[in-house]
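**Q** Here is my input, please return the structure:
(2 chains)
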There are 2 protein chains.
Amino acid sequence: MRVLGIDPGLTRCGIGVVDGRPGRPPDLVGVDVIRTPTELDTARRLRRLEEELDGWLAEHRPDTVAVERVFAQHNVQTVMGTAQAAGVAMLVAARRGIPVATHTPSEVKAAITGSGRADKAQVTAMVTRILRLAAPPRPADAADALALAICQVWRGGTSARYESAGDSAAEAARRQRSALARARAQAGTGRSGASPTVPPVNVRPRRVS
Amino acid sequence: MRVLGIDPGLTRCGIGVVDGRPGRPPDLVGVDVIRTPTELDTARRLRRLEEELDGWLAEHRPDTVAVERVFAQHNVQTVMGTAQAAGVAMLVAARRGIPVATHTPSEVKAAITGSGRADKAQVTAMVTRILRLAAPPRPADAADALALAICQVWRGGTSARYESAGDSAAEAARRQRSALARARAQAGTGRSGASPTVPPVNVRPRRVS
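**A** Numbering: from 1, shown residues only, chains lettered A, B, ... in the order given. All right, here's what the predicted structure looks like:
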């Protein structure tokens, strides 16, 4: 399945697209950051963002869009812009009939690194390794959008449906743990195998061939 | 000029349309509340809101859209939904090339009642009087959207441009104060004339015939 992850923002909006299935390392399809000019008013910036995001949906036709869930921060004006950008992201997906899932930053970090409190460098290193890239993804702040997309492929999201399939959820979970352990071992994080920090697994029980 | 005011929200989004010019009591054109089903996910609710709002813009073709500026409240989840709804409101206006202005709740209250801390009943009473309605507008919670639209007609907003015109800003301001004082006297609020509580005036200097 193809997931388009969106790390919403008015000034910088991260986009990451991956193809994959639970239990396997997904493949990178595309990554970028959408910027809107700070000299435009908010309405026009949202309009620019809508056009750019809809272009990504038209080109990549994802099965699911994953949007980072926005929380209040100390900078209220920034969080309002972020919430509005997230709203536009959800809107353009809904308009095309694409299911939208949301994940909190700590859910994403836990899915990718095994710790909900991992720092940015750890997330970027794991994204690079999981996607088998020769170098960290560029632009650098698009790594979060890729992490979000990988999280959605592996864990499913709020709108994921359980499908009847021949493969069991337990088997898919086992494969996912193995893939994560392999990626960690390659990333040299010093963790491997059935580490107690491996995050809870919540995958779609579909066939993994 | 015609202003469409939007009091944003996912569960209830107030809409109010007025025709008017600075210094004169505006006329009511339309008022309603858009509701989206709580059982839908946020993405689909934003999509419903987009369709409804765009229908209002298509039907009434306002010169300006005024959106209430959202601030953080104690209920973070509610304010996120409100910010997303405001984002969609700004987006649909920008897509049609309609300028968007924003006002804080206290700016609206000050413009309509003379006090930035007026309560809901005072705002509703003044909206009813200013628009010369036989009864308070229905639905009741649409009064804020009408107040926003009246505020925009009288005070202009963040995106209002100053136009060259034969009438002076001072003259328009004088007419506006008179209209407000007349409405207050009729509403029986006990205030009249050049009360020190009359709000600061920031009108567009256009001809008032």
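
**Q** hang on, A:Val33 in a strand?
**A** Yes - counting by DSSP: H, G, I helix; E, B strand; the rest coil, one finds A:Val33 located in a strand.

**Q** shouldn't it be in contact with A:Thr11?
**A** No - counting by CB atoms under 8 Å, A:Thr11 is not a contact partner of A:Val33; they are 9.6 Å apart. Just so you know, the C-beta spots here come from the backbone N, C-alpha and C atoms, and that holds for glycine as well.

**Q** quick one, which of the two is more surrounded?
**A** A:Val33 (18 against 15; other CB atoms under 10 Å in any protein chain shown).

**Q** Nearest residue to the middle of chain A?
**A** Nearest to the mean C-alpha position of chain A, by CA atoms, centre = their mean, lies A:Leu148 at 1.5 Å.

**Q** and A:Ile34, bridged to which residues?
**A** A:Cys13 (DSSP bridges).

**Q** didn't it look like it was pressed against A:Gly16?
**A** No - the pair A:Ile34 / A:Gly16 is not scored as a contact, 11.7 Å apart, by CB under 8 Å.

**Q** The two: which has the busier surroundings?
**A** Neighbours per residue (other CB under 10 Å) separate A:Ile34 from A:Gly16, with A:Gly16 holding more: 28 against 22.

**Q** So that one lies in a helix, does it not?
**A** No - according to three-state DSSP, A:Gly16 belongs to no helix; its state is strand.

**Q** which parts of chain A sit against chain B?
**A** A:41-44, A:46-47, A:50, A:70-72, A:76, A:79-80, A:83-88, A:90-91, A:93-95, A:100, A:102, A:158-159 (CB under 8 Å from any CB of the partner chain).

**Q** Sort out which of those are buried, if you could.
**A** A:41-44, A:46-47, A:50, A:70, A:79-80, A:83-88, A:90-91, A:93-95, A:100, A:102, A:159 (16 or more other CB atoms under 10 Å in any protein chain shown).

**Q** Can you show me the strands along chain A?
**A** Here chain A has its strands, by DSSP state E, at A:2-7, A:12-19, A:27-35, A:64-68, A:100-103.

**Q** Including distance to B:Ala183, could those go into JSON lines?
**A** Below are the strands of chain A laid out as JSON lines (distance: least, CB to CB, whole Å):
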{"stretch": "strand A:2-7", "distance to B:Ala183": "47"}
{"stretch": "strand A:12-19", "distance to B:Ala183": "45"}
{"stretch": "strand A:27-35", "distance to B:Ala183": "46"}
{"stretch": "strand A:64-68", "distance to B:Ala183": "45"}
{"stretch": "strand A:100-103", "distance to B:Ala183": "46"}
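
**Q** what about A:Gly116, neighbour count?
**A** For A:Gly116, using other CB under 10 Å, the count is 15.

**Q** Kindly apply the preceding question to A:Ala58 instead.
**A** With other CB under 10 Å as criterion, A:Ala58 counts 10.

**Q** Next up, the contacts around it.
**A** Residues near A:Ala58 by CB atoms under 8 Å, 6 or more residues apart in numbering or on different chains: none.

**Q** Equivalent analysis for A:Asp119, please.
**A** A:Asp119 neighbours (CB under 8 Å, 6+ apart): none.

**Q** Listing request: residues of chain A with sub-threshold pLDDT.
**A** Where chain A drops to pLDDT under 70, the residues are A:72-77, A:157-177, A:179, A:182, A:184-209.

**Q** I'd like to know how far A:Ile98 sits from A:Asp63.
**A** 7 Å (CB to CB, to the nearest Å).

**Q** Relative to A:Gln84, how far out is the residue lying farthest from the centre of chain A?
**A** Most distant residue from the mean C-alpha position of chain A: A:Glu39, 29.1 Å away (CA atoms, centre = their mean). Distance, A:Glu39 to A:Gln84, using CB to CB: 17 Å.

**Q** Kindly report the same for A:Pro105.
**A** Distance from A:Pro105 to A:Gln84, by CB to CB: 18 Å.

**Q** ditto for A:Val92
**A** 13 Å.

**Q** can you give me the end-to-end distance of stretch A:125-145?
**A** For stretch A:125-145, the first-to-last residue distance is 14 Å (CA to CA, to the nearest Å).

**Q** Repeat that for stretch A:87-103.
**A** 14 Å.

**Q** One more: stretch A:20-39?
**A** 39 Å.

**Q** what do you get for stretch A:60-69?
**A** OK, stretch A:60-69 end separation, CA to CA: 22 Å.
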